[in-house]
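Colleague: attaching a predicted model along with its sequence, questions to come.
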Amino acid sequence: MKKFIKNLLLSTFLFSSIFSTINTIEAKATDLPPVYSEGAILMDGKTGKVLFSKNEHTQFEPASTTKVMTALIVLEHTNLKDKVTIGENPPLVDGSAIGIREGEVYTVEELMLGLLLESGNDCAEALAEYVAGSNKDFAKLMNAKAKELGALNTTFKNPSGLHEDGHLTTAYDLALIMKEAAHNEDFVRIAQTESYKYVNQPFSDGSEKWATNRNQLFNEYSPYFYDKAYCGKNGYTPEANHSYTAAATKGDDMLIGAFLAATDKDNFYTNVGPLFNYGFDNFETLKLISSGDTLYTYKINDDVYIPLIAKSDFYYTKAKSEDEPNLSLDYEKTDISRKNIKTGDIIYKAKVNVNGETVSSMDLISAVDREYTTADRIKDSFHDFLESPMSIMLAILGVVIIYIIIRMFIISRRRKNIKRKKDKLFSR
């Protein structure tokens, strides 16, 4: 019996030790790792909620992470099957290149593959010339798009990211740009391509020309491979040092990371994956409203109701340790009972409040058509007349006036009748 108790106690101790060790390992997995870049940010890919930041609004040179914006502008202004004839300048550009030559013809997609996989500066300039005619004019498009996305501390001077005075961004701005790109299907598809062979454009010596994916986290042969990496772009110049921006996914969740001005390449890339894990382990994004949810029903009368539905989804990011969020909507309920309404018409603009704080806005749209007919107008006009105090006073006054007129008419008739009778009497 003593031996049994001893073994039982020993087993309990071992089990407790193992369980404690597992918990310790899991706890370490959620710790914030060191971040080896001067500017850094971790952002939710749906809500834009900042989960971690370091000098996120400080300007640094972006190096080749610039090409994420270059790709967005190209995708916005071209067709991927468009043919591009290479001009004089792109083959002469400094830095990384796939080796295009003047006079060669590539599709936009082939140049995009060279841009995002090999970080080809020659591809960047060829695309810029095709879209806008020059690097300078292309940069104007880039800067306008940056402002549109809310990247207000960013100025682009060229499409490649080569060093140029004033060519600057911030970790926060770069994350906004990457967030936009991560939701563009063509960008993601191209950025995820492992390699591409330029069958029709070999090198001048006849050897094969390839574009191979250089994304440090996406390439499974890289020492920095991260299995949740979705898409991204790395960069380096001597002036900018190492930069990187990427999206990572886990289930339905997406996180965006942006990193600028890192000098220790090995530690820098080694800790990007753990930072994404920190985000996935400690935060969650909940869908609190789905597009099409009925948020309010407007009653026009006992027979007519207008369901008002959410125009879009609403997501909210919170720490997993926090309580469930308390959601409410604020909007001014103006009268819509006398309007023609079409399905999809925006009826109200609502403030979305979570835990008493306004965090977003949402359009409430009609789920049905409603015609405001002539019969409705007549009915409403009569109702207004009856409901108005002035109308009631005018009605009473009208009745009194009519009564007086009738009374005066009756009296007048009586007097005339009496006068006739007197006239007849005296005429005899």
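Modeller: Yep, it's here. Keep in mind that what you see is a predicted model, and the values were worked out from it rather than measured. Numbers count the residues shown, from 1 in each chain.
Colleague: quick one: end-to-end distance for stretch 34-44.
Modeller: The stretch stretch 34-44 measures 19 Å between its terminal residues, going by Cα to Cα, to the nearest Å.
Colleague: just stretch 56-70 next, same as before
Modeller: The stretch stretch 56-70 measures 22 Å between its terminal residues, going by Cα to Cα.
Colleague: can you tell me the centre-most residue of the chain?
Modeller: residue 46 (6.5 Å; Cα atoms, centre = their mean).
Colleague: surely it and residue 314 touch.
Modeller: No. Contact between residue 46 and residue 314 fails when scored by Cβ atoms under 8 Å: they sit 9.9 Å apart. Just so you know, the C-beta spots here come from the backbone N, C-alpha and C atoms, and that holds for glycine as well.
Colleague: gap between the residue nearest to the centre of the chain and residue 150?
Modeller: 15 Å (Cβ to Cβ, to the nearest Å).
Colleague: mind checking pLDDT for the closest residue to residue 153 other than its chain neighbours?
Modeller: If you skip the residues right next to it in sequence, residue 153 has residue 170 as its closest partner in space, 4.8 Å away by Cβ to Cβ, 6 or more residues apart in numbering. With respect to pLDDT, residue 170 has a value of 98.
Colleague: measure how buried residue 170 is and give me the count.
Modeller: Around residue 170 sit 23 other residues, with neighbours defined as other Cβ atoms under 10 Å.
Colleague: next, it: phi, psi?
Modeller: phi -130, psi 160 (degrees, to the nearest 10).
Colleague: so it makes contact with residue 39?
Modeller: Yes. Judged on Cβ under 8 Å, residue 170 makes contact with residue 39 at a distance of 6.4 Å.
Colleague: pull up the overlap in contacts between the two.
Modeller: By the contact definition Cβ atoms under 8 Å, 6 or more residues apart in numbering, residue 170 and residue 39 are jointly contacted by 56, 58, 60, 260.
Colleague: restricted to buried residues, select these in PyMOL.
Modeller: Here is the PyMOL command that selects the buried residues among the shared contacts of residue 170 and residue 39 (16 or more other Cβ atoms under 10 Å):
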select buried, resi 56+60+260
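Colleague: give me the pLDDT for the nearest residue to the residue nearest to the centre of the chain once chain neighbours are set aside.
Modeller: In space, not counting the residues next to it along the chain, residue 46 is nearest to residue 315; the distance is 4.6 Å by Cβ to Cβ, 6+ apart. According to the predicted model, the pLDDT of residue 315 comes to 96.
Colleague: residue 315 contacts residue 48, doesn't it?
Modeller: No. Taking Cβ under 8 Å as the contact criterion, residue 315 and residue 48 are not neighbours in contact, 9.7 Å apart.
Colleague: and the helices in the stretch 151-300 of the chain, which stretches?
Modeller: Secondary structure of the stretch 151-300 of the chain, counting by DSSP state H, counting those that start in this stretch: helices at 171-182, 185-191, 265-270, 272-282.
Colleague: just put these in TSV and tack on mean neighbour count and distance to residue 346.
Modeller: Listed next are the helices of the stretch 151-300 of the chain as TSV, based on neighbours: other Cβ atoms under 10 Å; distance: least, Cβ to Cβ, whole Å:
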stretch	mean neighbour count	distance to residue 346
helix 171-182	26	24
helix 185-191	17	28
helix 265-270	17	46
helix 272-282	21	34
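Colleague: my guess is residue 71 contacts residue 112. True?
Modeller: Yes. In terms of Cβ under 8 Å, residue 71 counts as a neighbour of residue 112; the distance is 6.2 Å.
Colleague: show me whatever sits in contact with both of the two.
Modeller: Overlap between the neighbourhoods of residue 71 and residue 112 consists of residue 190, taking contacts as Cβ under 8 Å, 6+ apart.
Colleague: on that earlier part again, helix/strand/coil for the residue nearest to the centre of the chain?
Modeller: Recorded secondary structure, residue 46: coil (DSSP: H, G, I helix; E, B strand; the rest coil).
Colleague: dump the residue contacts of it.
Modeller: Residues touching residue 46, when contacts are defined by Cβ under 8 Å, 6+ apart, comprise 254, 285, 315, 317.
Colleague: for the residue nearest to residue 46, helix, strand, or coil?
Modeller: strand.
Colleague: beta-bridge partners for it, please?
Modeller: On DSSP bridges, the residues paired with residue 315 through beta bridges are residue 287.
Colleague: count of neighbours near it?
Modeller: Residues within reach of residue 315, counting by other Cβ under 10 Å, total 17.
Colleague: pull the contacting residues for it.
Modeller: Contact criterion Cβ under 8 Å, 6+ apart gives 44, 46-47, 285-288 as the residues in contact with residue 315.
Colleague: so it versus residue 149, what's the distance?
Modeller: Between residue 315 and residue 149 the distance is 18 Å, computed by Cβ to Cβ.
Colleague: got it, and residue 257?
Modeller: Residue 257 sits 17 Å away from residue 149 when distances are taken as Cβ to Cβ.
Colleague: of these two, who's got more company?
Modeller: residue 257 (30 against 15).
Colleague: who does that one form a beta bridge with?
Modeller: Residues in beta-bridge contact with residue 257 (DSSP bridges): residue 42, residue 246.
Colleague: I'd like the numbering to begin with 346 instead of 1 from here.
Modeller: Done: numbering now begins at 346, and the last item shifts to residue 602.
Colleague: that one and residue 617 touch, don't they?
Modeller: Yes. With contacts defined as Cβ under 8 Å, residue 602 counts as touching residue 617 at a distance of 6.3 Å.
Colleague: so what sits against both of the two?
Modeller: Residues touching both residue 602 and residue 617 (Cβ under 8 Å, 6+ apart) are 589, 591.
Colleague: name the element residue 460 belongs to?
Modeller: helix 453-461 (DSSP states H and E).
Colleague: list the buried ones in that helix?
Modeller: 453-461.
Colleague: likewise for stretch 438-454?
Modeller: Neighbour-count burial for stretch 438-454 flags 438, 440-445, 449, 451-454 (criterion: 16+ other Cβ under 10 Å).
Colleague: domain map for the protein?
Modeller: By the assignment in automatic domain parsing, the chain contains the domains 378-628, 635-711, 726-751.
Colleague: using TSV, lay out those domains together with distance to residue 720.
Modeller: What follows is the domains of the chain, written out as TSV (distance: least, Cβ to Cβ, whole Å):
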stretch	distance to residue 720
domain 378-628	47
domain 635-711	12
domain 726-751	11
